[in-house]
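S.K.: what would the 3D arrangement of this be:
(chains A, B, C and D)
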2 protein chains.
Amino acid sequence: MSLPHAILTALLEKPSSGLELTRRFDKSIGYFWSATHQQIYRELGKLEAEGLIRALPAEQPARGQRKSYEVLPAGRAELARWTAAAQDPKPMRDTLLLRLRAAAVVGTAGIEADLRRHLELHERQLAEYREIEKRDFPPGRDSPQDRLHHLILRAGIDLETFWTQWLAHALQEFTALPAGGPAPGVTDGEASNGGAGTTPPR
Amino acid sequence: MSLPHAILTALLEKPSSGLELTRRFDKSIGYFWSATHQQIYRELGKLEAEGLIRALPAEQPARGQRKSYEVLPAGRAELARWTAAAQDPKPMRDTLLLRLRAAAVVGTAGIEADLRRHLELHERQLAEYREIEKRDFPPGRDSPQDRLHHLILRAGIDLETFWTQWLAHALQEFTALPAGGPAPGVTDGEASNGGAGTTPPR
DNA sequence: GTCCACATGTAACTGGTTACATGATTGG
DNA sequence: CCAATCATGTAACCAGTTACATGTGGAC
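M.R.: Got it, this is the predicted structure:
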């Protein structure tokens, strides 16, 4: 139940149309809560039906016509309630770690290139965050809003820093590893054909 | 499409029944790819239908009777293919950061307690990881499998370290912040009732 | 024999993803 | 007036979640 609240936040920061929201979800809020335009339109419909937001007046006969929304008092109240409510952190889900675990069983062949690619992606993201920090948070400005936004950005920066460092370390480790084939030292009873492509992918 | 591969990995490490898998997904693999027993049974069914795994023989008339599975060559091949295939990292989704962003608009009242709680949870997880490291990775042992597993655990440790540090920093920042009410300096045109509870939660 | 823990499973729902459809506006 | 682009929307699907149902075997 987070998307509606992400939208409420975005709309409070600035009333917008569906497409404007979509664009803003490509950066800023989207850095930690992404959404596609289909999700956003669907959710805008629900929020309007529930009376948490309303379309800004300006006679719109629907399709092709831009429609902007603003948050109603009830929407602001709901957002405040949600923000203050206790929520458990979700258990993390990371495919890359899963793939490494799999590689320990079926062999590391092929995965190294993708680690390198991920490292590059994270480095790029980190650079982008640092750029934003330099641009939007020069020393001196520190209203409560600034401090909170900076704090959030810091989380992004530190996370990307973690990933780049860990991936660099992982790649280093890989060069020390024997080879790429099916993991030596691991055998299974009868089903051992070495992992060649016997079957079409699912 | 990661759950089936998580299961294949787990089954290659050790053939198991559905419930055994469920238990193993509460730790180990579950630390970075969690799953409930319903998901697991459903997926075991699919994997068997596709010929990637098979039930170990021992006449089982279904319900209430434990049924163990092992991976077939085709399953191992599919896992190797998936492991080596390039995959983009998923954009991250974090509710806590979203809530902070919302707090910058509707006020920080109430959120501090939950930050403190999260900090405690992450500290506990970190301690658990360190415990595992001490137990399972004493200096000296370093087969390729050990190195990979240790590398994965390291990711967990470093991630939890990041969260604990960031949360501690955030809480420090909070004590310096003015107060808890609706964010000062932010006003919106007409819909400003201060965020009091006008409406029942959705 | 009854109760409880173990083990497998079904059904309904929610949120996110992918593919596609349709109308309006604008530049050439 | 036609193509490209902007803008809103529908439909089908898939993965994960929640709640519940059913059978087995052992402890008492």
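S.K.: now the most centrally placed residue in chain A: closest residue in space, sequence neighbours ignored.
M.R.: Against the mean C-alpha coordinate of chain A, by CA atoms, centre = their mean, the closest residue is A:F32 at 4.6 Å. Closest residue in space to A:F32, ignoring its immediate chain neighbours: B:L97 at 4.4 Å, by CB to CB, 6 or more residues apart in numbering or on different chains. C-betas here are computed from N, CA, C, even on glycine.
S.K.: A:I152 is in contact with the one you found, correct?
M.R.: Yes: between B:L97 and A:I152 there is a contact at 5.3 Å, judged by CB atoms under 8 Å.
S.K.: need the overlap of contacts for these two.
M.R.: Shared contacts of B:L97 and A:I152, defined by CB atoms under 8 Å, 6 or more residues apart in numbering or on different chains, comprise A:F32.
S.K.: off-centre distance for the host helix or strand of A:P4?
M.R.: Using DSSP states H and E, A:P4 maps to helix A:3-13. Averaged C-alpha coordinates place helix A:3-13 at 16 Å from its chain's average position (CA atoms, centre = their mean, to the nearest Å).
S.K.: that helix - contacts with which helices or strands?
M.R.: Other elements packing on helix A:3-13 under the criterion 3 or more CB pairs under 8 Å, 6 or more residues apart in numbering or on different chains; DSSP states H and E are helix A:18-24, helix A:37-49, strand A:68-71, helix A:73-84, helix B:95-106.
S.K.: does DNA strand D sit close to that helix?
M.R.: No: under the criterion of CB under 7 Å from any atom of the strand, DNA strand D is not reached by helix A:3-13; the shortest gap measures 12.8 Å.
S.K.: which residues touch that helix?
M.R.: Outside helix A:3-13, the residues within contact range by CB under 8 Å, 6+ apart are A:16, A:21, A:24-25, A:29, A:33, A:35, A:39-40, A:43-44, A:46-47, A:52-53, A:69-71, A:75-76, A:78-79, A:82-83, B:98-99, B:101-102, B:105-106, B:188, B:202.
S.K.: and the residue nearest to A:F32, what's its pLDDT?
M.R.: Note for B:L97: predicted pLDDT of 97.
S.K.: the closest residue to A:E70 other than its chain neighbours: neighbour count?
M.R.: Of all residues not flanking A:E70 in the chain, A:P15 sits nearest, at 4.2 Å (CB to CB, 6+ apart). The burial count assigned to A:P15 is 19, neighbours taken as other CB atoms under 10 Å in any protein chain shown.
S.K.: what residues of the helix of greatest length in chain A count as buried?
M.R.: Longest helix of chain A, by residue count under DSSP state H: helix A:144-176. By 16 or more other CB atoms under 10 Å in any protein chain shown, the buried positions in helix A:144-176 come out as A:144-145, A:147-149, A:151-164, A:166-167, A:170, A:173-174.
S.K.: residues in contact with the closest residue to A:A168 other than its chain neighbours?
M.R.: Spatial nearest neighbour of A:A168, chain neighbours left out: A:L119 (6.4 Å); criterion: CB to CB, 6+ apart. Listed by CB under 8 Å, 6+ apart, the contact set of A:L119 reads A:163-164, A:167-168, A:171.
S.K.: now for the longest helix of chain A, which elements pack on it?
M.R.: Packing partners of helix A:144-176 (3+ CB pairs under 8 Å, 6+ apart): helix A:111-136, helix B:95-106, helix B:144-176.
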